[in-house]
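>>> A structural model of the following input is requested.
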Amino acid sequence: MSPRQLLAALAKKDFAPVYLFLGPEAYTRRTVREEFLRAHGGEPTRHDLDETSLAAVVDDASSLSLFASERVIWVSSAEGALPKRLSADLPPSPLDGYLKNPTPGTAIVLDCARYGLEGDDKAKLDRVRKFYAKVPAVVEFLPLSEADAAKLARDLAAERGLKLGPRQVETIVEALGADAARIDVEIEKLALYAGGRALADAEVAAMVPNARTAGLFALVNALANGNRTRALDLLDTLVREGEYLPLALTFLGTQFRLALAAAEGGAKSASQIETYFREWSVPMWRSRAEQVADTLAAFGKGRLEKAIVWTANADRELRDTRPDDRTVIEEYVWKLTARDAG
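Numbering: from 1, shown residues only. Predicted coordinates:
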């Protein structure tokens, strides 16, 4: 179940006796928590399974309240009920018996925010799912996609009277890793600073932490135009600002691959590119499609193919001990801006 589906169920007063919240995404979880408590009415009883047992939580839930017809029991660190060793067999959950005859008007929320839904945490989260397999309502709080994060940034800016252009939204989302909670904080900060006026791109880049997007797209444009002096100046700026060059190369490589894929798919305009990638279930939104279209128009298919090969070579050289990263990227810039690069 997604957070949106849970909110729809709450609006219909369709309540489950026990919920399991999975995933670390904090902003959506906070919004859902507020709506959940509003729907059930009143402050929750709190437990932490790092400090108490699941059996004690079940005993609490089984006790009828003399003061409230509806109760919410919010249980943090839900993973704390599991054995610490991954190799250990999972014991039966005390919830299994409770779910056969849950207390009317009582909702238990088991909140597991420690583990992500992908990567190294996936095996740990799968154990949590298995232990709580009989819980009827499982809600996954996935990290926002870049498209959803961009929409959130636009919505928050509109609520606070902040005027942001598409490239500025892209800068914020990229710099903050599409983290909804951080986007909320930075939009609030920018709105207070702007005081209702439109902000320049440089102001957004200066105020948002790690806002590297503007500099990297400027570098893409310089490379596309064969402006070696400008490209090297921008590279120097990125280095002085502490940009991690392998990450910058990854960004450039992704941009080139997207542009080449669009060319091979016959998509040229931003709208065509947006439609093309969505058909392949690749996240793409308007401002991103415009950037890909600009890169495709500037490089052309043949030059993009060479750029991808040079990017792969540079990536391999960055993994070697010599030469240093900056030397590798400077040589990469020279190749891309050579007159015969096309």
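>>> how deep is A11 tucked in, by neighbour count?
A11 is flanked by 10 other residues according to other CB atoms under 10 Å. C-beta: built from backbone N, CA, C; applies to glycine.
>>> leaving out the residues flanking it, which one is nearest to it?
Nearest residue to A11, sequence neighbours excluded (CB to CB, 6 or more residues apart in numbering): A39, at 7.7 Å.
>>> any idea of the mean pLDDT for the helix or strand that neighbour falls within?
Here A39 sits within helix 26-40, counting by DSSP states H and E. On average, the pLDDT along helix 26-40 is 88.
>>> then stretch 300-314?
Here stretch 300-314 scores 92 as its mean pLDDT.
>>> same check on stretch 201-220?
Stretch 201-220 comes out at a mean pLDDT of 72.
>>> for it, how far is the first residue from the last?
From its first residue to its last, stretch 201-220 covers 17 Å (CA to CA, to the nearest Å).
>>> find the nearest non-adjacent residue to V328, please.
Here the residue nearest V328, using CB to CB, 6+ apart, is E317, at 4.7 Å.
>>> I'd say the one you found and R326 touch.
No. The pair E317 and R326 does not pass the contact test of CB atoms under 8 Å, sitting 11.8 Å apart.
>>> for the top helix by length along the chain, buried residues please.
Using DSSP state H, we find that the single longest helix of the chain is helix 286-318. Residues of helix 286-318 classed as buried: 286-296, 298-299, 303-304, 306-308, 310-311, 314, 317-318 (neighbour count, 16 or more other CB atoms under 10 Å).
>>> ok, stretch 135-148 next?
Residues V135, A137, V138, V139, F141, L142, P143, L144, E146, A147, D148 are the ones in stretch 135-148 that count as buried (16+ other CB under 10 Å).
>>> now do that stretch, average pLDDT.
Stretch 135-148 shows a mean pLDDT of 87 in the predicted model.
>>> begin at 4 from here
Understood, numbering begins at 4; the last thing we discussed is stretch 138-151.
>>> the residue nearest to A270 when sequence neighbours are not counted: neighbouring residues, count only.
Leaving aside its sequence neighbours, A270 sits nearest to Y279 (CB to CB, 6+ apart; 4.1 Å). Residues contacting Y279 under the criterion other CB under 10 Å number 20.
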